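**Student:** Mind looking at a prediction? Sequence and model below.
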Amino acid sequence: MAALQAQRLVLAPSTSSPSTSAARPRPQPRSRRSSVATCRAALHVPSGIHTTQENLSLQVNWIETPRVPASPSAELSLEKLRAIADAAADRAEMHDIIGRQRDNWNHLLLHSTNSLTLAASAMAALAPAAPSMVALKASAGVLLATAAVTMAAVNKIQPSQLAEEQRNATRLWKELEREVRAAIAHGAPTTKADVQEAMDRVLALDAAYPLPLLPGMLEKFPKAVEPTRWWPSRRAAQPKKSRSFGRRGSAPIASGNGWSQDLEDEMRGLLRVIKAKDENEFLTVGKLVLNLNRCLAVAGPALAGTAALASVFIGTGEASTWATGAAIIGGVLAASVNTVEHGGQMGMLFELLRNCAGFYRKIQEDIEANLAEPDVDRREGGELFATKVALKLGRSLSDLKQFRKMASPSVRDEDMKEFAGKLF
């Protein structure tokens with residue numbers, strides 16, 4: 001902050017110079033302060049007084065606001081947040097590298113397994129009429145057995161699903177890093193609660209998307225399909241008597257912190273629609289994809305193994321024709337099933353659907369956490385929160401008003417025709 005003090009040293013009448021109503025101050029030497037903005041000022045002299053430029057000077061006194069030193073605990077918490085941000089950046093890079101590696105696995109194993117199976121089928125077809133029937137028959141059996149074992153191993157780990165896990169983890173780790181660095185740059189006092197919240201998010205992300213393949217890999221064929229959870233569980237809020245808007249039909253209370261009765265009804269209506277439509281839709285489709293993928297994962301190795309067993313009986317009398325046909329058809333069908341499963345990336349599709357369901361589950365918990373807080377002043381700002389929800393759903397703020405009527409108990413879940421989200 002600068003305080004400008006104008007000091008007129010000599011004001012004497014002058015007959016030789018023309019009268020002026022204002023005179024500019026003599027330029028002062030430039031200050032060495034690099035962090036202080038340049039200050040410009042003009043000195044106005046009342047009319048009727050004659051002055052010369054040499055008779056005036058301007059004295060500038062800079063007043064610095066003393067910095068309040070941060071407490072040792074706040075400095076320590078700030079350093080911890082910086083360490084968490086660095087760890088999040090490192091995790092994002094690790095997941096990105098591993099994701100690209102596992103995506104390469106999916107392509108390489110798909111093409112190599114199909115090559116083995118189709119080559120074995122061609123050998124089985126040529127074996128009965130070839131002079132070296134035994135060599136072709138043995139080669140076809142070995143290739144088909146190798147393809148069956150390879151298919152079983154690949155179906156167990158699902159490389160396309162592993163790659164999708166790492167892609168989503170990379171995005172979430174980068175998001176965590178941005179938020180932590182933004183909190184550091186904001187300059188607000190850092191507390192132990194802020195550090196603990198960031199640490200909880202780190203541990204939740206590590207659990208949701210583990211880096212190691214074995215052990216610790218996520219179950220690729222779970223018995224129950226649940227949304228992916230990459231955020232920590234919320235702690236129950238302490239009950240406190242304070243003002244809130246309550247439910248529809250209660251006494252109206254003045255708005256506070258951007259919240260109003262209409263906004264609460266919009267959030268409650270959105271909550272019902274997300275639970276009944278959006279999340280349920282992704283979980284239902286996810287179950288169908290999981291069942292289809294499970295069938296393909298069993299059928300591929302079974303067909304390749306049957307073809308390998310049939311190749312043993314090629315050229316053994318009456319069963320030779322049937323054995324040759326079974327080896328050829330089994331190998332071709334095994335390659336087809338493998339192409340549908342891994343070329344179509346069924347594992348990636350299941351993981352994508354599960355992540356989308358988790359996306360809507362997180363929006364639900366954010367809304368529930370704000371509505372469950374009885375004190376509106378302790379909630380997130382109502383207008384800001386509504387904007388965030390609208391952006392996540394791909395809607396405008398005016399679109400959220402149509403969900404206000406969904407908060408009424410008279411509206412059944414079956415009557416809800418429109419989904420809350422428009423992004424996916």
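**Tutor:** Happy to help now that I have it. Residues are numbered from 1 along each chain as shown.

**Student:** Where do the helices of the stretch 1-150 of the chain begin and end?
**Tutor:** Residue ranges of the helices in the stretch 1-150 of the chain, as given by DSSP state H, counting those that start in this stretch, are 72-126, 133-157.

**Student:** tell me the angle of the very next helix or strand once past the shortest one relative to helix 72-126?
**Tutor:** Read that as helix 133-157. Remark: after helix 133-157, the chain's next helix or strand is helix 159-186, criterion DSSP states H and E. Helix 159-186 and helix 72-126 are oriented at 160 degrees to each other (axes from the mean of the first three to the mean of the last three Cα atoms, to 10 degrees).

**Student:** tell me what helix 159-186 is packed against?
**Tutor:** Secondary-structure packing of helix 159-186 (3 or more Cβ pairs under 8 Å, 6 or more residues apart in numbering; DSSP states H and E): helix 72-126, helix 192-208, helix 346-372. (Glycine included, C-beta is placed from N, CA and C.)

**Student:** TSV for these, including distance to Ala140 and mean pLDDT?
**Tutor:** TSV is the format used below for these (distance: least, Cβ to Cβ, whole Å; pLDDT from 0 to 100):
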stretch	distance to Ala140	mean pLDDT
helix 72-126	4	93
helix 192-208	44	93
helix 346-372	28	94
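
**Student:** what's the most buried one of those helices?
**Tutor:** Of all these, helix 346-372 carries the top mean neighbour count, a mean of 20, counting by mean count of other Cβ atoms under 10 Å.

**Student:** and the residue nearest the centre of the chain, what does it touch?
**Tutor:** The structure's the chain has its C-alpha centroid closest to Leu172; by Cα atoms, centre = their mean the separation is 3.8 Å. Each residue near Leu172 by Cβ atoms under 8 Å, 6 or more residues apart in numbering is listed here: 205, 209, 230.

**Student:** I'd like to know how far the first one sits from Leu218.
**Tutor:** I take that to be Leu205. Leu205 sits 13 Å away from Leu218, going by Cβ to Cβ, to the nearest Å.

**Student:** Dump the helices of the stretch 1-150 of the chain to TSV, plus distance to Val376.
**Tutor:** Below are the helices of the stretch 1-150 of the chain laid out as TSV (distance: least, Cβ to Cβ, whole Å):
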stretch	distance to Val376
helix 72-126	28
helix 133-157	49
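
**Student:** among those, which is nearest Ile314?
**Tutor:** helix 133-157 (4.7 Å; Cβ to Cβ).

**Student:** For that closest one, give the mean pLDDT please.
**Tutor:** For helix 133-157, mean pLDDT rounds to 93.

**Student:** So which bits of it are buried?
**Tutor:** For helix 133-157, a neighbour-count test (16 or more other Cβ atoms under 10 Å) marks 136-141, 143-148, 150-152, 154-155, 157 as buried.

**Student:** tell me the SS of Glu226?
**Tutor:** Classification of Glu226 by DSSP: H, G, I helix; E, B strand; the rest coil places it in coil.

**Student:** And the helices of the stretch 1-150 of the chain: which comes nearest Arg378?
**Tutor:** Minimum separation from Arg378 across the helices of the stretch 1-150 of the chain (Cβ to Cβ) falls at helix 72-126, 21.5 Å.

**Student:** tell me what the closest one is packed against?
**Tutor:** helix 133-157, helix 159-186, helix 192-208, helix 280-311, helix 320-338.

**Student:** Distance from the shortest one to the middle of the chain?
**Tutor:** Just to be clear, that refers to helix 192-208. 15 Å (Cα atoms, centre = their mean, to the nearest Å).
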